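> what follows is a predicted protein model with its sequence.
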Amino acid sequence: MKFAAEPKTWIFPPSFSPAALLLLSLFIIHGCASSKHDVDPTEGMPVAEIYDDAKAELDNKQYATAVKLYSKLIARYPYGPYAQQALLDSAYAYYMDKDYETAIVTGERFIKINPRHPSVDYAYYLRGLSAYSMEQSMLDKTFRQDPTERDSRAAKRAFSYFNELVTRYPNSRYASDAIQRMVYLQNSLGTFEIHVARFYLRKQAYLAAVNRAKYVLSHFQKTPAVQDALVIMVKAYRALDMSELADDALRVLELNNPNHPKLKSLSKANKKG
């Protein structure tokens, strides 16, 4: 005689309270939903289609989304023109998103991987632009503070990057703009040194003021800061009772800029002395 199978009864251990069972069921439901949500929409897409989607996001100023798509493209198709352009576009996207340090790193990666690429000069230029923009951001903040607290490394790095572009690719379409920015950076760095020298002059740290002024004469010879450096040297040397050195600086100022607005007052002070 066959007996009917008894219905199965699920018996949970006493440790599973109703609350725990509720949490478990919610976890299972959430896991299923997450697995559906985490499906990559670009899975199986051709490389050209992924690139077009990324470029569309870039054109729409959705820089973070564009970078994610470019990263997926490079991971799946690491070789070929699409991967090269995706890396260069990523550097641009980071720059536009004001993530300047990552833009520099990405640009350097492109240069290292594709040293003979037809657009490698743009990678050099973009690297310089990123450092230049960092310098501008720091400049806006620092000139509201004690000038000696400013970190001028960003400006120096930007100048170095632009200089490398101009040296390696003098006929690049970006060379002219790079040169103009280099002139600005030189003037900016020279002006910064003058601010610091004046600060020392006000604090009666005359030797420090002279040293800063000498640095300007040595490193920023073609900038307007040179004339101001000579004025500082005259004042600082006189305060140090070094009249001969003060007179030498004054003569150089008279020869190079006879119309300097500070010249009359310095000359009068010299005659009174």
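Looks like it arrived, so ask away. Just so you know, these numbers come straight off a predicted model, no measurement behind them.
> biggest helix in the chain by residues?
helix 175-202 (DSSP state H).
> any idea how far that one is from the chain center?
Taking CA atoms, centre = their mean, to the nearest Å, the mean C-alpha location of helix 175-202 is offset from the chain mean by 17 Å.
> which secondary structure elements does that helix contact?
helix 120-142, helix 153-168, helix 206-219, helix 225-239 (3 or more CB pairs under 8 Å, 6 or more residues apart in numbering; DSSP states H and E). To be clear about C-beta, it is placed using only N, CA and C from the backbone, and glycine gets the same treatment.
> can I get the ones you listed in a markdown table with distance to residue 112?
Listed next are the helices and strands packed on helix 175-202 as a markdown table, based on distance: least, CB to CB, whole Å:
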| stretch | distance to residue 112 |
| --- | --- |
| helix 120-142 | 10 |
| helix 153-168 | 14 |
| helix 206-219 | 30 |
| helix 225-239 | 36 |
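> among those helices, which is nearest residue 101?
Among those, the nearest to residue 101 by CB to CB is helix 120-142 (7.5 Å).
> circling back: just name the most buried of the helices and strands packed on helix 175-202.
With neighbours taken as mean count of other CB atoms under 10 Å, these reach their highest mean count in helix 225-239, at a mean of 23.
> low pLDDT regions in the stretch 151-273 of the chain?
Scanning the stretch 151-273 of the chain for pLDDT under 70 picks out 151, 268-273.
> dump stretch 55-66 to PDB, restricted to CA.
Output of stretch 55-66 as PDB, limited to C-alpha atoms (Å, rounded to 0.1, in the frame of the first residue of the first chain):
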ATOM      1  CA  LYS A  55      31.500  61.900 -27.500                       C
ATOM      2  CA  ALA A  56      27.900  62.900 -27.300                       C
ATOM      3  CA  GLU A  57      28.200  63.100 -23.500                       C
ATOM      4  CA  LEU A  58      31.300  65.100 -23.800                       C
ATOM      5  CA  ASP A  59      29.600  67.500 -26.200                       C
ATOM      6  CA  ASN A  60      26.700  67.800 -23.800                       C
ATOM      7  CA  LYS A  61      29.200  68.800 -21.000                       C
ATOM      8  CA  GLN A  62      28.500  65.600 -19.100                       C
ATOM      9  CA  TYR A  63      32.100  65.100 -18.400                       C
ATOM     10  CA  ALA A  64      32.000  62.500 -15.700                       C
ATOM     11  CA  THR A  65      29.700  60.300 -17.700                       C
ATOM     12  CA  ALA A  66      31.900  60.700 -20.800                       C
END
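> any residues touching it, and which ones?
Residues from elsewhere that reach stretch 55-66, judged by CB atoms under 8 Å, 6 or more residues apart in numbering: 54, 69, 89-90, 92-94, 96-97.
> are any of those buried, and which?
Neighbour counting by 16 or more other CB atoms under 10 Å classes 54, 69, 89-90, 92-94, 97 among these as buried.
> related to what we said a few turns ago, and the furthest pair within the contacts of stretch 55-66?
The most widely separated members of those, counting by CB to CB, are 69 and 96 (15.0 Å).
> who's in contact with residue 121?
Contacts for residue 121 (CB under 8 Å, 6+ apart) come out as 165, 168-169, 172-174.
> pLDDT value on it, please?
For residue 121, the pLDDT comes out at 97.
> now residue 67
Looking at residue 67, its pLDDT reads 96.
> where's it relative to residue 114, distance?
Separation of residue 67 from residue 114 (CB to CB, to the nearest Å) stands at 18 Å.
> same check on residue 86?
In this view, residue 86 and residue 114 are 12 Å apart by CB to CB.
> who's more crowded, those two?
residue 86 (27 against 16; other CB atoms under 10 Å).
> so the more buried one makes contact with residue 72?
No - under the criterion of CB atoms under 8 Å, residue 86 is not in contact with residue 72, lying 9.2 Å apart.
> so residue 229 touches residue 196, yeah?
No - judged on CB under 8 Å, residue 229 makes no contact with residue 196 at a distance of 11.1 Å.
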